[in-house]
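Participant: predicted model and sequence follow; I will ask about them next.
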Amino acid sequence: MSRYDPFPSRLKESDERINPFVRLDPVIHSRNEFRWHGPLDEVALSRYERDGFLWFEGFFNQERMAPFFTELREMAQDSELMASDQVIQDPASGDIRSVFAMHQISEHFNRLTRDPRILGMVRQLLGSEVYIHQSRINDKFGFEGSGFNWHSDFETWHSEDGMPRMRAVSASLMLTDNNEFNGPLMLIPGSHHYFVPCFGETPDLHWKDSLKTQRLGVPDQDALAMLANRGGIEAPKGPAGSLLLFECNTLHASNKNMSPWPRSNLFFVYNSIDNTLESPYAAESQRPEFLATRENTSPLTMHDDFPELASQGVEPLRFRGS
Ligand code: 6CS
Ligand code: FE
């Protein structure tokens, strides 16, 4: 008997088209009064629910981001790392396009995943403890960095990694300024309310190509037009240190960097500990651990950045919602 799939995608050419349908899962997973247990107020929560993302201009100050950008440039000098599968090269220029599992390579990045403000918001949205499903840097060098086609991350994580439900959120932190010229992320507000089944069966080792140029998991133009005509397209822009939180099913894309200025964005994908991976829904084999965490799914704890509070006997923040 074939397995029931609530979010069918990667359809065969001979399959009938399945129209976009309303997502089956809540957008905010905290229940009842736990909705307000966290840093986000009702205005922010309602906006996230409506649009599928939240933009915080200047969330960290720019100076705080500089060491991360420097660390990324140092990594580019590490030939062993550069030769590994977890570094993806730009299809056009051969420069770094993505580095995966940043939080495992660097303690500095690891601490950032456990920032109390970010973790507080993410737990509030997902209504549970969370772990890192994937972390990466997407880097677009000046004049060179290629774009990303329209997609929902959840579509890939469900089809290729077996993520059961829409209960994950990406935190994208700008390591450089994002402006209209250097290929900022574009999102379709409200698109997260629909799941769009996509055509094209997943070939073996698809990730080796898809992370360079994505061809599968891209909604057809009718679906994209329908959603963009309803919600428009937004491209949040701002200085290094700005933060974007976006729901795992929000459609997004980005253009090539046509400016001399690099665009580097850090992504931490948080998944609920109640939504750990199963076997892929639409792929023969699992993707590597650096793309899709299966081993270390223990809940993240906030890093202790405030030792003076600890010495006063103030308890570290713990998740209390459900
Ligand atoms: O395949 C993935 O998991 C990824 N690919 C894209 C284009 N976005 C999200 C994710 O990192
Ligand atoms: Fe994506």
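Facilitator: Looks like it came in fine. Values in this document were obtained by computation on a predicted structure and should not be read as measured data. Ligands and ions are numbered 1, 2, ... in the order given.

Participant: what parts of the protein come near ligand 1?
Facilitator: 134, 136, 148, 151, 153, 156, 210-211, 214, 291 (Cβ under 6 Å from any ligand atom). Where C-beta positions appear, they are placed from N, C-alpha and C, glycine not excepted.

Participant: turn these into CSV, columns for neighbour count.
Facilitator: Shown next, in CSV, are those (neighbours: other Cβ atoms under 10 Å):
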residue, neighbour count
Gln134, 23
Arg136, 24
Phe148, 21
His151, 19
Asp153, 22
Thr156, 27
Ser210, 20
Leu211, 21
Gln214, 17
Leu291, 20
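
Participant: so which of the residues you listed are in strands?
Facilitator: Within those, membership in strands is found for 134, 136, 148, 151, as judged by DSSP state E.

Participant: helix, strand, or coil at Gly120?
Facilitator: What DSSP: H, G, I helix; E, B strand; the rest coil gives for Gly120 is helix.

Participant: re the thing from before, just the ones in strands among the residues of the chain next to ligand 1: which has the poorest pLDDT?
Facilitator: For these, the weakest pLDDT value sits at Phe148, with 92.

Participant: just checking, that one touches Ala253?
Facilitator: Yes - assessed by Cβ atoms under 8 Å, Phe148 is found in contact with Ala253 at 5.6 Å.

Participant: residue contacts, the nearest residue to Glu144 once chain neighbours are set aside?
Facilitator: Ranked by Cβ to Cβ, 6 or more residues apart in numbering and with sequence neighbours excluded, the top spatial neighbour of Glu144 is Ser93, at 3.9 Å. By Cβ atoms under 8 Å, 6 or more residues apart in numbering, the contact list for Ser93 reads 141, 144-146.

Participant: only the buried subset of these, as a ChimeraX command please.
Facilitator: In ChimeraX, a selection of the buried entries from the contacts of Ser93 looks like this (16 or more other Cβ atoms under 10 Å):
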select :141,144,145,146
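
Participant: ok, the contacts of Ser93 vs Met174, which is closest?
Facilitator: For the contacts of Ser93, the closest approach to Met174 (Cβ to Cβ) belongs to Gly145, at 14.2 Å.

Participant: tell me which element the closest one is part of?
Facilitator: If you go by DSSP states H and E, Gly145 is not part of any helix or strand.

Participant: that one reaches Lys256, doesn't it?
Facilitator: Yes - the pair Gly145 / Lys256 is scored as a contact, 6.5 Å apart, by Cβ under 8 Å.

Participant: list residues touching both of the two?
Facilitator: Listed contacts common to Gly145 and Lys256 are Gly183; contacts here mean Cβ under 8 Å, 6+ apart.

Participant: a markdown table for the residues of the chain next to ligand 1, including distance to Pro67?
Facilitator: Below are the residues of the chain next to ligand 1 laid out as a markdown table (distance: Cβ to Cβ, whole Å):
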| residue | distance to Pro67 |
| --- | --- |
| Gln134 | 22 |
| Arg136 | 18 |
| Phe148 | 26 |
| His151 | 31 |
| Asp153 | 27 |
| Thr156 | 31 |
| Ser210 | 31 |
| Leu211 | 26 |
| Gln214 | 31 |
| Leu291 | 26 |
